[in-house]
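Participant: Sequence and predicted structure below; questions after.
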Number of protein chains: 4
Amino acid sequence: MLELRKYYPPDFTEERFAGAPDARLEAAPFDGVAPELYHALSIFPEYFKINGQWLLAEESRMDCVPVLRGGKIEVVEFRNLKAGEPVVTGRTEDASEGIYVYANGFRERKDAQDVFAFRTNRSRETAFSRDYDELYDILRYEHDHGKIVWVMGPAFAFDHDARKAMAKLIEAGYVHAVLAGNALATHDLEASYLGTALGQDIYSQKQMPLGHYNHLDLLNRVRYYGSIPAFLKGEKIRDGIIYSCEKCGVPYVLGGSIRDDGPLPPVFGNVYEAQDAMRNEVRSATTVICMATMLHTIATGNMTPSYRVLPDGTVRQVYFYCVDIAEFVVNKLADRGSLSAKGVVTNVQDFICNIAKGLGL
Amino acid sequence: MLELRKYYPPDFTEERFAGAPDARLEAAPFDGVAPELYHALSIFPEYFKINGQWLLAEESRMDCVPVLRGGKIEVVEFRNLKAGEPVVTGRTEDASEGIYVYANGFRERKDAQDVFAFRTNRSRETAFSRDYDELYDILRYEHDHGKIVWVMGPAFAFDHDARKAMAKLIEAGYVHAVLAGNALATHDLEASYLGTALGQDIYSQKQMPLGHYNHLDLLNRVRYYGSIPAFLKGEKIRDGIIYSCEKCGVPYVLGGSIRDDGPLPPVFGNVYEAQDAMRNEVRSATTVICMATMLHTIATGNMTPSYRVLPDGTVRQVYFYCVDIAEFVVNKLADRGSLSAKGVVTNVQDFICNIAKGLGL
Amino acid sequence: MLELRKYYPPDFTEERFAGAPDARLEAAPFDGVAPELYHALSIFPEYFKINGQWLLAEESRMDCVPVLRGGKIEVVEFRNLKAGEPVVTGRTEDASEGIYVYANGFRERKDAQDVFAFRTNRSRETAFSRDYDELYDILRYEHDHGKIVWVMGPAFAFDHDARKAMAKLIEAGYVHAVLAGNALATHDLEASYLGTALGQDIYSQKQMPLGHYNHLDLLNRVRYYGSIPAFLKGEKIRDGIIYSCEKCGVPYVLGGSIRDDGPLPPVFGNVYEAQDAMRNEVRSATTVICMATMLHTIATGNMTPSYRVLPDGTVRQVYFYCVDIAEFVVNKLADRGSLSAKGVVTNVQDFICNIAKGLGL
Amino acid sequence: MLELRKYYPPDFTEERFAGAPDARLEAAPFDGVAPELYHALSIFPEYFKINGQWLLAEESRMDCVPVLRGGKIEVVEFRNLKAGEPVVTGRTEDASEGIYVYANGFRERKDAQDVFAFRTNRSRETAFSRDYDELYDILRYEHDHGKIVWVMGPAFAFDHDARKAMAKLIEAGYVHAVLAGNALATHDLEASYLGTALGQDIYSQKQMPLGHYNHLDLLNRVRYYGSIPAFLKGEKIRDGIIYSCEKCGVPYVLGGSIRDDGPLPPVFGNVYEAQDAMRNEVRSATTVICMATMLHTIATGNMTPSYRVLPDGTVRQVYFYCVDIAEFVVNKLADRGSLSAKGVVTNVQDFICNIAKGLGL
């Protein structure tokens, strides 16, 4: 079974910590505006000395600011700041100003030099066998002990087998939340409703007569019913990604975009509300897998820290995967510097079918 | 000087038109929902027989529905439909049901077989010299007679020369509207304010110390001022794309997305309001040039018809360009089937520098 | 079981054939030079009227010339022409000059409109499920009735599972010839010999100390032994693609290139001799699968016709697949216009693992 | 004017050098086979202690072996080794075994930290303005003081303006050798002869009737004449890349490949002879620019060291550029670790037009 890297908390009895001053706090001047020299968070665990105590920011988010709320450090987007709230200021990371960024808290027991192997760029020529094997282990572990969030691009549902594999993963308990957009859900539901994606049969690739209407007809039909569950029931839908989510009670967040048709009823038209809803799922995520979407991958990557504080106080690492056919997308995320962020360069259809087979589904 | 293709309107005295029935109209059942068998528009001119008269949909948009409002055909997004509004139904295109889709209205005087040459896929190996020369001609013509809308991806402002070339085009009158997102404007303003994009000098490529704060500092600073004009004035900004837009009164629409930091004050958080604002600029556009953005290119492509009705009633063609380094993006748009949609496969930095030089700027 | 499309030979009793003149023959002016207005072949079956008889070019090759040798039409590369040989001249295709290009000889029994579906471009968003299923059927059929030629790019052996899957396919009888270059064989044998590819462990991705020597050490070692079989025996190699080829008597042709180190002993230093050796395998191929190599794919595609004349005189179609992560490569081949040429856009590691699993290996 | 980085030779009076033993020499066991534990060279200057003297390998090549010939260190490909020749063995780099690899001999006067900026990956989003400006400076300098070798992929000649820009560079003295393949020269000469590339007009993009014969006709015509100069004269060719090379006495090496048609008369059918001819040009190159070819770029990159010993004994750096639209290709070369290897991600048509304009041509 998967053995997580152990987290070694800093030893706050060391002089550099014990002797450090409290972090400076300054009031946000207006709603949505941070004070000058605000501190911005990274993906790593960060500690702030408040009233002589080193507090860990428990639910972190890169590029957001630490705010003291109710005696705890909350990590807040600029747009969600309230005027007057105390924000930590200071741009050092070494405890000398009461701010400590702890980049190397997770350590392998024996094999320390392993660390740097993951820093290299991924390409179509990278050997991915071990990554698959590791991912099977992670998924089996997280099935019972973690929360797996899947992020999908608009075309993920275009292929018959890929869509089926994803549905199997949902029904087998490997999917605890889905983040996607209007298009993904629309294509998937078009396949459920009419067997096509953008009018093309998802198995035979045949273009249906007047098939370009299928996409719009699906949208109009769901809007007619007023909700996805009502549509699924009314039209007796029995397969698909969204269907399986609904059946298994897996939450899905659909963020709107300027290219949307429709949209489907549950899509967030306001992207910042969508972000908040996405982060709401990500706050408790322990593994995140992004497939075939630059937009959603970056959005999700931005809000996923490298660690998670479990209910019992344990700090554990978060696994983050980016799967895309373009090295450009995969390597955009690779700069996060995290042990646990990995890229796989392939067609996501093959990826998801491999994952399902590898898990014996 | 550029000679536009002439538009030959259909001859409505022909029996197939004169003898055709009126188009069927049915009421939208609910707000945002079309009646069954609604007609959806294409990028081509479409005529609808209403009370015995063939009416052209003057401001069209692909995949939207024709609605009779005030005696005219308006083309309405599903989400903007009102319950009870009369929507044209029917899925034929040959006038037999009072609906006529006119795909070949624009004709070259002599060189008719030319038409099909443009249908082929574009790749890195396509010869683009003529496309550049044509585009210079088009831009010179549109400078005085048309409206040129530029659409830009998030990283367009990363390069010193590209940013400068774009500013020159704006100041020389070749830019009549800009459609982009929060990131493009943020990167451009960071360059104006601090000389960097994401902390990296836009000329020397040097990473600045603590440079990862620059992006956030810029956002926080503009939010502090409350508006871009106030920021530009307060910080005495003197260069850049957004600066030149403000200076020259060129409107820019910034559509929000789930990956946004900040956002900048004028960004539309609601993507459907952003769409409406974008379409507002596109309604009068005669040339649209999309650069290095799949999201905004598809969004804009979806709302740009192949023709425009000028104030004097003339129907003219609309030029649409998609410039991207990825064939995948360029060819996504190529399927529009329009004479006037063209792809250029290259780095947009070189593209825009070439355009500026080709126009003698 | 796979049902091949039936070939309907032309009816040469029709007047356009019966009344046609003999094809013109002209002598090649020099070695390696064709007479003016030589006819060049396509990928389709072509018939030439010689002494009143319509002869099929039995082993064709695109862009080569038809030469009358020993009463048969041989298809000869320009460089292989001999001065004075009779070459068919004429650039018509409709029998009127004794030349008939027969593009539509293979027909599906019922489902004729299917044909055009395959003409469209392939992309990462194409639904490939059916292609996989068809390919499984084809491979099972060809296992017993055909000849499957696999073409591999230099990095195909970089991944542990992919290499293993390919070896399984060889040992199970699904591989009847391999076409590749010096690099593929070198990487594969480095993995056999030292467990690495370019010094990186093919499973764990770890870079070995002094690992950059591994590639050169392997080459030097094989050159020391003087042949691959001697090396395999001397070093007791027990796994790998080349090992399995040798073990199972599967011929492999290694064509040299200007980027070669070494080279390995059996590599053809002369590319035209390599071409001849490749074509020697392709002459009898019934299915060709090219993976992750633009150079070898184009080379092989150029020499693979759409049909094969079996020993019993039957004309059957040839399947041709191009698998690559880049649409650019896949679509380069798609222009062949053949029913049977198909592209799959994915990482070849996943492709080959899927194929092995799909065949139950 | 461009100021080259100064080379600071090692101080061989230091104890680690003075006290080091001579390098070990062992005889090659067979022709084309190195002794065990041979030393392989890098792209950096390497010194070998022979009879108490530290000798620099003057014309180096990565992955080849140092051989003592006539009192000098020659760098020899494995395949060119003769049995019995003394080859340096040993795999250390720190002088302790008489082998010293000197990776940091070139130093900027002031701006030392600059060094690491170039190590990062290049992408479509890299800011390339400064790279262009530097390259203009380099080309102006090398015009008079160096040797500029250009390497071109098969499709480089497909575009009217790009081809013209390259011809201008040749005629203006910025091109001192060209390395390419049969296809590049064939496409370029087809354009000279018939105005097309693969039958498509290189300006208007129109496909000519029977245009697919143009490529073959050109090849057959040159082969008929027996040489490119005879063809150019006989057909009164007046423009193009090859034409300008011949006119200006610029040598060009055409390496054969397995995908060749024809080939043209001067093409090397044997790739190892082609390699030798290429290296013959590269031995004296001071700047190398590779455009739109993975095969030739890797081949040339493999044989280009980071330095050059000028006739007066000065050691100077060699500039190496890789220009390609694919990050994958550009970054393959970036791993060389050299200060002077740079990638530019763009369409080479735009690149070469920009270069010509930037040099005022």
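Facilitator: Great, that's in hand.

Participant: And the residue of chain A positioned farthest from its centre, how close does it get to D:Gly84?
Facilitator: Most distant from the centre of chain A: A:Pro209, at 38.3 Å, with distances by CA atoms, centre = their mean. Here the criterion is CB to CB, to the nearest Å. By it, A:Pro209 lies 77 Å from D:Gly84. For every residue, glycine as well, the C-beta is placed using N, CA and C.

Participant: can you check A:Ala40 too?
Facilitator: Note on A:Ala40: its distance to D:Gly84, by CB to CB, is 66 Å.

Participant: What of A:Asp260?
Facilitator: With distances taken as CB to CB, A:Asp260 is found 74 Å from D:Gly84.

Participant: Neighbour count: these two, which is higher?
Facilitator: Taking neighbours as other CB atoms under 10 Å in any protein chain shown, A:Asp260 and D:Gly84 compare with A:Asp260 leading, 25 against 11.

Participant: for that one, what are its contacts?
Facilitator: Shown in contact with A:Asp260 (CB atoms under 8 Å, 6 or more residues apart in numbering or on different chains): A:181-183, A:267, B:271-272, B:275.

Participant: What segments of the stretch 201-350 of chain A are strands?
Facilitator: A:252-255, A:287-291, A:307-309, A:315-317, A:319-324, A:341-345 (DSSP state E, counting those that start in this stretch).

Participant: Kindly report which one of the ones you listed carries the lowest mean pLDDT.
Facilitator: The minimum mean pLDDT among the strands of the stretch 201-350 of chain A belongs to strand A:341-345 (a mean of 92).

Participant: What residues sit buried inside it?
Facilitator: The neighbour-count check on strand A:341-345 (16 or more other CB atoms under 10 Å in any protein chain shown) flags A:341-345 as buried.

Participant: Same check on stretch A:141-156?
Facilitator: A:141-143, A:146-156.

Participant: Please apply the same query to stretch A:85-94.
Facilitator: Neighbour counts over stretch A:85-94 (16+ other CB under 10 Å) mark A:85-90, A:93 as buried.

Participant: Quick check: pLDDT value at the closest residue to A:Phe158 other than its chain neighbours.
Facilitator: Residue nearest to A:Phe158 in three dimensions, not counting chain neighbours: A:Ala197, with 4.6 Å by CB to CB, 6 or more residues apart in numbering or on different chains. At A:Ala197, the model reports a pLDDT of 95.

Participant: List, one by one, the residues from the stretch 1-150 of chain A near chain B.
Facilitator: A:29-30, A:32-34, A:38, A:40, A:63, A:78-79, A:91 (CB under 8 Å from any CB of the partner chain).

Participant: cutoff 6 Å now
Facilitator: For the stretch 1-150 of chain A, the residues in contact with chain B (CB under 6 Å from any CB of the partner chain) are A:32-34, A:40, A:63, A:91.

Participant: what's downstream of the one helix or strand A:His187 maps to, the next helix or strand?
Facilitator: Element membership for A:His187 (DSSP states H and E) is helix A:182-194. Once the chain leaves helix A:182-194, the next helix or strand it forms, by DSSP H and E, is strand A:196-197.

Participant: quick one: contacts of that next one?
Facilitator: Under the criterion CB atoms under 6 Å, 6 or more residues apart in numbering or on different chains, residues A:158, A:187, A:190-191, A:208, A:211, A:214 lie in contact with strand A:196-197.

Participant: swap in stretch A:166-185?
Facilitator: The set of residues external to stretch A:166-185 that reach it, using CB under 6 Å, 6+ apart, is A:139, A:143, A:147-152, A:154, A:156, A:241-242, A:244-245, A:248, A:250-255, A:257, A:260, A:262-264, A:267, A:278, A:281, A:352, A:356, A:361.

Participant: now the end-to-end length of that stretch.
Facilitator: End-to-end distance for stretch A:166-185, by CA to CA, to the nearest Å: 13 Å.

Participant: for it, which positions count as buried?
Facilitator: Within stretch A:166-185, the residues scored as buried using 16+ other CB under 10 Å are A:166-172, A:174-185.

Participant: For chain C, see how far away the residue lying closest to A:Tyr252 once chain neighbours are set aside is.
Facilitator: Ranked by CB to CB, 6+ apart and with sequence neighbours excluded, the top spatial neighbour of A:Tyr252 is A:Val178, at 4.0 Å. Per CB to the nearest CB, to the nearest Å, A:Val178 is found 19 Å from chain C.

Participant: Can you read off the pLDDT for A:Val178?
Facilitator: pLDDT at A:Val178 comes out at 98.

Participant: how far out from the middle of the chain is stretch A:210-219?
Facilitator: Counting by CA atoms, centre = their mean, to the nearest Å, stretch A:210-219 is centred 30 Å from the centre of its parent chain.
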